[in-house]
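Colleague: Return a 3D structure for these sequence lines:
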Amino acid sequence: MFKGTLTAAGLGNATVSLAADKMVIDDGAGGTIKTTSLADYATAIAGAGITATAGVLSTEAQAVNAIGDGTALLEEGTNYLSASLTANRTYRTPVNPTVGDIIRVKANALGAYIMTVSASGLHQIDGARTFDLESDYAAATLVYVETGKWRIF
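Modeller: This is a model prediction of the structure:
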């Protein structure tokens, strides 16, 4: 176990390599000092709506997903119907969401058809399995608030 003071005297500046460079962490419990890569640290701290790819954090909340005139799986972020419906269609919520995930869904011209949003697996949306967007350009925002439960806002 190290006892004493560490100083940065004599260290030079260098470009950071997220994959190769390491940082020192004190585990806080037993005084053990360990190292981890910056990329691994970024992955460990990424929570709901955030991904870490090679050490770079990015938000998924601003992802835009075009869904066409056919059954599709909605994604975290913004989902918009990129075509007019030619029949009633069902769009499902993600299969393995994380608490805090947000889905925005926006209809296009629906005409005489209905755009249904269905909960995947055993999940529910405001206590139901489905809800419908029935008006042209209707929209809804869903938030995964706890295990198995989406809420409409």
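
Colleague: use CA for all of it now, contacts and neighbours both
Modeller: OK.

Colleague: quick one: the residue most central in space within the chain and R151, what's the gap?
Modeller: By Cα atoms, centre = their mean, the chain has its centre lying nearest to G49, at 3.2 Å. From G49 across to R151, the span is 16 Å (Cα to Cα, to the nearest Å).

Colleague: Same check on T51?
Modeller: For T51, the distance to R151 - Cα to Cα - is 23 Å.

Colleague: And H123, by the same measure?
Modeller: Relative to R151, and taking Cα to Cα, H123 is found at 11 Å.

Colleague: neighbour-wise, which of those two wins?
Modeller: Just comparing H123 and R151: by other Cα atoms under 10 Å the higher neighbour count belongs to H123, 23 against 15.

Colleague: Can you tell me the strand partners of the longest strand along the chain and which way each runs?
Modeller: Longest strand in the chain by number of residues (criterion: DSSP state E): strand 139-146. The strands that strand 139-146 pairs with in its sheet are strand 102-106 (antiparallel), strand 149-152 (antiparallel) (by DSSP bridges).

Colleague: Sketch out the low-pLDDT regions of the chain for me.
Modeller: 1-4, 6, 60-61 (pLDDT under 70).

Colleague: Can you give me the domain assignment for it?
Modeller: Split into domains by automatic domain parsing, the chain comes to 22-59, 64-152.

Colleague: what's the distance between the longest one and the middle of its chain?
Modeller: When you say that, I think you mean domain 64-152. 15 Å (Cα atoms, centre = their mean, to the nearest Å).

Colleague: ok, G77 touching I102?
Modeller: Yes: here G77 reaches I102: they are 6.0 Å apart, a contact under Cα atoms under 8 Å.

Colleague: what about those two, which has more around it?
Modeller: I102 (25 against 20).

Colleague: Contacts only, for the more buried one.
Modeller: For I102, the contacting residues are 49, 61, 76-77, 141-144, by Cα atoms under 8 Å, 6 or more residues apart in numbering.
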